[in-house]
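1. I need the structure of the sequence given here:
(2 chains)
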There are 2 protein chains.
Amino acid sequence: MEILVAKSSGFCFGVKRAIKIADKCANSAPEGDIFTLGPIIHNPQVVKRLEESNVFAKKSLEDIDSGTVIIRSHGVKLEEYNEAKEKGLGIVDATCPFVKKAQELVARLTGEGYTVIVVGEKDHPEVKGLISYGNEQVRVVSGLAELADMPRVKRLGIVAQTTLPMEKLEDVVRFCLHKATEIKVFNTICNATSTRQAESAALAKQADVMVVVGGKNSANTRRLAEVCLAIQPKTYHIEVASELDPAWFAGALIAGITSGASTPDWLINDVVERISAMCPK
Amino acid sequence: MEILVAKSSGFCFGVKRAIKIADKCANSAPEGDIFTLGPIIHNPQVVKRLEESNVFAKKSLEDIDSGTVIIRSHGVKLEEYNEAKEKGLGIVDATCPFVKKAQELVARLTGEGYTVIVVGEKDHPEVKGLISYGNEQVRVVSGLAELADMPRVKRLGIVAQTTLPMEKLEDVVRFCLHKATEIKVFNTICNATSTRQAESAALAKQADVMVVVGGKNSANTRRLAEVCLAIQPKTYHIEVASELDPAWFAGALIAGITSGASTPDWLINDVVERISAMCPK
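-> This is a model prediction of the structure:
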């Protein structure tokens, strides 16, 4: 049986890069302690591995008085960045370059006098960071309902949370055409999620059995499993390799593997190895 | 019986203004002949009235060697404007200020390095004028089909024909979000048509009989009649006052009057007077 892993499976570019930067920082052993501001990703195994390299996750800058702070891929608020500098901490910035670009665009649009809308989730750390680069007029909207009371403005700038579904940006821009004479939109959506879904769907068409690896509480992994299930009824959503059942692969010529954005590569590798051992070629 | 005329009935602002400018020009009697480049509006009575004041419609600048040329509300191509200047003609520019603004925006976006899309009808004189203010990369699209082969660009500028239905602009902008990282949209649509429709619909709700005045071959008048008919079954579409039938108004307390964008005020006044005479208070 052949095992095919979706190319875009696992961590997105920004998360991969942030973990690499954190590892490098741990290995270069700067003076003092090393911290990440919030867990580097919402995955306990990755956080634990960093702890073993003496990189500790802290909730806020209040808990960090000296040493080096690593900024995770979501980015931080401009105020936090400045506070870390004022505290004299070493700063290792692992902000995803796509998020960084969106932060710069919020600052640029604000500077150019645009009323700025960030389309995204108010409570998401990335969005909290994004709006900190604007002024107090920056508005976060997650959908049309929040735009109902928006006054008409002359110049409107629109930026999106990098993980926003495209349809949400489309809806907001469509509505805003009625609310401003000039609209400058930056499509800052990173296409990792949509690419992942498209590739997984293509793989599900080809495979005789499909395994989706990732947290049962991970929205993007669950959505991925739904996409695959609609194409290949023999789709199984698992969190770890030990859940695999040899019966799933009986008679299969091709097994497809995909995973959510928060699933580390080694978990995927574990799954691939376990399946290989179950079904020798 | 009360007669109510829709407030936005008749010529739009730009057309009214152009006719006023032409009248003023005729009355000020500049040296030499006076011409309009194309008929000032597509209404033979208005054109005839101007002829009586010695203002003649000419198809092209080739037919005008001296005197004064009046530019109509649609505007003209930049090349035509320059040609008229080079010929030493007097120029009276009656281009609608909303069209003028759109022309300037095409020039500005082109100058700023944007790839420019004009959403509108390729053969409409306004659109021909608009694109002449850009470079050879300016693209006219009337709908999504014409965008299918559009390559991805970095910076896209979008401007609309001033009489475009809003949904067309919305559709094109939505599509273009997938085609460019930055989109600068100017909503140059003049809301005269949509305002007219909304006001006429409100009047049709109030009135016991509705009269829509305007050419049977005028698309915007026909659409207006449809809108009113859907609300008030006693809706009549006429071109001139002589078509009115007293029977239509039997038992009515309120008669509503509206008209298309190419219907001159005096035609509407004729209709109001004739109805008044038919149904004395």
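2. C-alpha only now, for contacts and for neighbours.
-> Noted.
3. so which residues of chain A form helices?
-> A:13-28, A:44-52, A:78-86, A:97-111, A:125-132, A:166-176, A:192-206, A:219-231, A:265-278 (DSSP state H).
4. need the residues of chain A near chain B, please.
-> By Cα under 8 Å from any Cα of the partner chain, the residues of chain A that approach chain B are A:170, A:173-174, A:177, A:180-188.
5. can you lay out the residues you listed as CSV showing neighbour count and pLDDT?
-> Converted to CSV, these look like this (neighbours: other Cα atoms under 10 Å in any protein chain shown; pLDDT from 0 to 100):
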residue, neighbour count, pLDDT
A:170, 20, 94
A:173, 23, 97
A:174, 20, 95
A:177, 19, 94
A:180, 19, 94
A:181, 17, 92
A:182, 21, 97
A:183, 26, 98
A:184, 21, 98
A:185, 25, 98
A:186, 22, 97
A:187, 22, 94
A:188, 22, 93
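6. setting aside sequence neighbours, what's the nearest residue to residue A:249?
-> Spatial nearest neighbour of residue A:249, excluding adjacent residues (Cα to Cα, 6 or more residues apart in numbering or on different chains): residue A:209 at 6.7 Å.
7. can you give me the neighbour number for the closest residue to chain B within the stretch 1-150 of chain A?
-> Across the stretch 1-150 of chain A, the shortest distance to chain B (Cα to the nearest Cα) belongs to residue A:105, at 10.4 Å. Using other Cα atoms under 10 Å in any protein chain shown, residue A:105 has 22 neighbouring residues.
8. that one touches residue A:159, doesn't it?
-> Yes: assessed by Cα atoms under 8 Å, residue A:105 is found in contact with residue A:159 at 7.4 Å.
9. so what sits against both of these two?
-> residue A:186 (Cα atoms under 8 Å, 6 or more residues apart in numbering or on different chains).
10. please determine how far the residue of chain A most remote from its centre is located from residue A:4.
-> Most distant from the centre of chain A: residue A:251, at 36.3 Å, with distances by Cα atoms, centre = their mean. Per Cα to Cα, to the nearest Å, residue A:251 is found 16 Å from residue A:4.
11. coming back round to it: most widely separated two among the residues of chain A next to chain B?
-> Within these, A:181 and A:188 form the most distant pair, 21.7 Å apart (Cα to Cα).
12. endpoints of stretch A:206-221, how far apart?
-> Terminal-residue distance, stretch A:206-221 (Cα to Cα): 20 Å.
13. then stretch A:213-227?
-> 14 Å.
14. buried ones in that stretch?
-> Residues of stretch A:213-227 classed as buried by neighbour count (16 or more other Cα atoms under 10 Å in any protein chain shown): A:213-215, A:220-222, A:224-227.
15. do stretch A:253-263 as well
-> For stretch A:253-263, burial by neighbour count (16+ other Cα under 10 Å) applies to A:254-263.
16. contacting residues around residue A:181?
-> Going by Cα under 8 Å, 6+ apart, residue A:181 touches A:153-155, B:186-188.
17. now with 7 Å, please.
-> Shown in contact with residue A:181 (Cα atoms under 7 Å, 6 or more residues apart in numbering or on different chains): A:154-155, B:186-187.
18. considering the residues you listed, which is situated nearest to residue B:48?
-> residue B:187 (35.2 Å).
19. touching, that closest one and residue B:160? I think so.
-> Yes: Residue B:187 lies in contact with residue B:160 (Cα atoms under 7 Å); the separation is 6.5 Å.
20. what about the nearest residue to residue A:130 once chain neighbours are set aside, how many neighbours?
-> Among residues not flanking residue A:130 along the chain, residue A:103 sits closest, at 4.9 Å (Cα to Cα, 6+ apart). Neighbour count of residue A:103, defined by other Cα under 10 Å: 26.
21. likewise for the one 4 residues further on?
-> Applying the criterion other Cα under 10 Å, we find 18 residues in the vicinity of residue A:107.
22. ditto for residue A:129
-> Using other Cα under 10 Å: residue A:129 sits among 22 other residues.
23. got a pLDDT number for it?
-> For residue A:129, the pLDDT comes out at 96.
24. excluding its backbone neighbours, what's nearest it?
-> Of all residues not flanking residue A:129 in the chain, residue A:77 sits nearest, at 4.0 Å (Cα to Cα, 6+ apart).
25. tell me the contacts of the one you found?
-> Taking Cα under 7 Å, 6+ apart, one finds A:128-129, A:132 in contact with residue A:77.
26. return the member of these nearest to residue A:147.
-> Using Cα to Cα, residue A:128 is the member of those that lies nearest residue A:147, at 18.7 Å.
27. who's in contact with that closest one?
-> Contacts of residue A:128 by Cα under 7 Å, 6+ apart are A:77, A:122.
28. do residue A:129 as well
-> A:75-78.
29. pipe the residues you listed into a markdown table and attach distance to residue B:200 and pLDDT per row.
-> Shown next, in a markdown table, are the contacts of residue A:129 (distance: Cα to Cα, whole Å; pLDDT from 0 to 100):
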| residue | distance to residue B:200 | pLDDT |
| --- | --- | --- |
| A:75 | 53 | 94 |
| A:76 | 53 | 95 |
| A:77 | 51 | 96 |
| A:78 | 52 | 96 |
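30. just among the residues you listed, which is most surrounded?
-> Counting neighbours by other Cα under 10 Å, residue A:75 leads those with 25 neighbours.
31. list phi and psi for that one.
-> Per-residue torsions, residue A:75: phi 80, psi 170 (degrees, to the nearest 10).
32. residue contacts, it?
-> Residues counted as contacts of residue A:75 (Cα under 7 Å, 6+ apart) are A:95, A:99, A:126, A:129.
33. nearest to residue B:22 among the residues you listed?
-> residue A:99 (56.1 Å).
34. residues near the closest one, how many?
-> Using other Cα under 10 Å, residue A:99 has 25 other residues around it.
35. OK, contacts around it?
-> Contacts of residue A:99 by Cα under 7 Å, 6+ apart are A:74-75, A:162.
36. and if we set it to 10 Å?
-> Residue A:99 makes contact with A:14, A:73-75, A:105, A:126-127, A:129-130, A:160-163, A:188-190 under the criterion Cα atoms under 10 Å, 6 or more residues apart in numbering or on different chains.
37. now, which of these sits nearest residue B:27?
-> The shortest gap between residue B:27 and any of the contacts of residue A:99 belongs to residue A:105, at 54.6 Å (Cα to Cα).
38. give me the distance between that closest one and residue A:156.
-> In terms of Cα to Cα, residue A:105 sits 13 Å off from residue A:156.
39. find the nearest non-adjacent residue to residue A:227, please.
-> Excluding its sequence neighbours, the residue lying closest to residue A:227 (Cα to Cα, 6+ apart) is residue A:201, at 6.4 Å.
40. pLDDT at the nearest residue to residue A:2 once chain neighbours are set aside, what is it?
-> Closest residue in space to residue A:2, ignoring its immediate chain neighbours: residue A:254 at 4.7 Å, by Cα to Cα, 6+ apart. Here, the pLDDT recorded for residue A:254 equals 96.
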